[in-house]
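Asks: Turn this into a model:
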Amino acid sequence: LSILVGKPFSDKPDEELAYMKVAGGTTVYTAKDDLLEDFARPSTDFRRRSFVSMAAEDVREMKIALSSAGGLDFSGEVTLRFDSGKWKWEDGRAVPGSTPRRVADRLTGIRANEFVDNSKQLAQAGFDAPLAKVDLFSGEGEQTTVLIGERGPDLVPPRDSRDREAEALPPGAPPRMEPEVMQRYYAKLEGFSQVYLIDP
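Replies: Alright, predicted model coming up:
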C-alpha cells in the first residue's frame, strides 16, 4: 500500500493538513501531515521485535528439547499438553503449579533486543545443533518452532553513557555500580531466515 502525500491543504499554522491519496486510486483526501514524523527515524526502528506470532492463550501443546551441550540443569525432551483446562504431562497426569503457563507466556512473548544481519555472526549462531528447540502447537493446528542457538555477544552498556553518569556525580560521592552486562543468545523461527539476539 503506497500513500502519496501532497501539498499542504491549509496555510493556517494550527491546521497541519495535507492532500493525500492512495497510489493508483482516484480519491484525494485531506489528513494531518504529522504522520510523516513517525517515519523520520532509522528503518531498524520499524522492524518487528516480537517475532512469535502465536498468542500464549492459543498454545495447546509444547514439545521442548534442551541440549546437554548448553550446560543447562536439565537436558532431554518433554511434551506438555493443555487438556480440559489443565496442563498435563505426556502420561496424562496434571502438571502442578503455573510453570507451563509461564513458559508459554515467555515463549510467545520473546522480544529481540538486536537483529543479526552480519554473515560472520550468523555462522556462529549454531542452529544446526540448537541449545533448545521448542515446538508450539495451537488448537487450530498451527505450529511454530523456536530455535535457541549459541550464546551471542553480550549487551554492554555504551561507555559514553557510563562516563556521563560519572560526571554527574557530586564531588566526594561514591561511584555508581557498573551497569550489568546482559548475556544474549541467538534465536530464530524454524523456516525463517531472520536471526535475533534475545536475553536469557
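Asks: Need the phi and psi values for the closest residue to residue 89 other than its chain neighbours.
Replies: With Cβ to Cβ, 6 or more residues apart in numbering as the criterion, residue 89 has its nearest non-adjacent residue at 6.0 Å, and that residue is residue 95. Yep, even glycine has a C-beta here, placed from its N, CA and C like the rest. With angles defined as degrees, to the nearest 10, residue 95 sits at phi -90, psi 120.
Asks: Centroid-nearest residue for this protein?
Replies: residue 111 (2.0 Å; Cα atoms, centre = their mean).
Asks: which stretches of this protein have low pLDDT?
Replies: Along the chain, segments meeting pLDDT under 70 span 11, 70-72, 159-169, 172, 174-179.
Asks: so residue 187 is in which element?
Replies: Using DSSP states H and E, residue 187 sits within strand 185-189.
Asks: show me what contacts residue 132?
Replies: By Cβ atoms under 8 Å, 6 or more residues apart in numbering, the contact list for residue 132 reads 64-67, 70, 146-148.
Asks: quick one, strands of the chain?
Replies: Here the chain has its strands, by DSSP state E, at 3-8, 17-22, 29-32, 59-66, 76-83, 86-88, 114-116, 132-138, 143-151, 185-189, 195-198.
Asks: Same list (these) but as TSV, adding distance to residue 46.
Replies: Output for the strands of the chain, formatted as TSV (distance: least, Cβ to Cβ, whole Å):
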stretch	distance to residue 46
strand 3-8	15
strand 17-22	20
strand 29-32	20
strand 59-66	27
strand 76-83	34
strand 86-88	36
strand 114-116	11
strand 132-138	26
strand 143-151	22
strand 185-189	19
strand 195-198	15
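Asks: Of those strands, give the one that comes closest to residue 44.
Replies: For these, the distance to residue 44 is smallest for strand 114-116, at 6.8 Å, taking Cβ to Cβ.
Asks: The closest one packs against which elements?
Replies: strand 195-198 (3 or more Cβ pairs under 8 Å, 6 or more residues apart in numbering; DSSP states H and E).
Asks: How about residue 182: which residues does it bridge to?
Replies: Beta bridges link residue 182 to residue 155, judged by DSSP bridges.
Asks: ok now do it, which residues does it touch?
Replies: When contacts are counted by Cβ under 8 Å, 6+ apart, residue 182 is found next to 113, 154-155, 199.
Asks: So which of those residues wins on neighbours?
Replies: Among the contacts of residue 182, the one with the most neighbours (other Cβ atoms under 10 Å) is residue 155, at 15 neighbours.
Asks: Spit out the contact partners of that one.
Replies: So residue 155 contacts 113-114, 181-182, 184, 197, 199 (Cβ under 8 Å, 6+ apart).
Asks: Out of the strands of the chain, which is closest to residue 42?
Replies: Using Cβ to Cβ, the nearest of those to residue 42 is strand 114-116, at 11.7 Å.
Asks: chain center to that closest one: distance?
Replies: Put simply, strand 114-116 sits 10 Å off its chain's centre (Cα atoms, centre = their mean, to the nearest Å).
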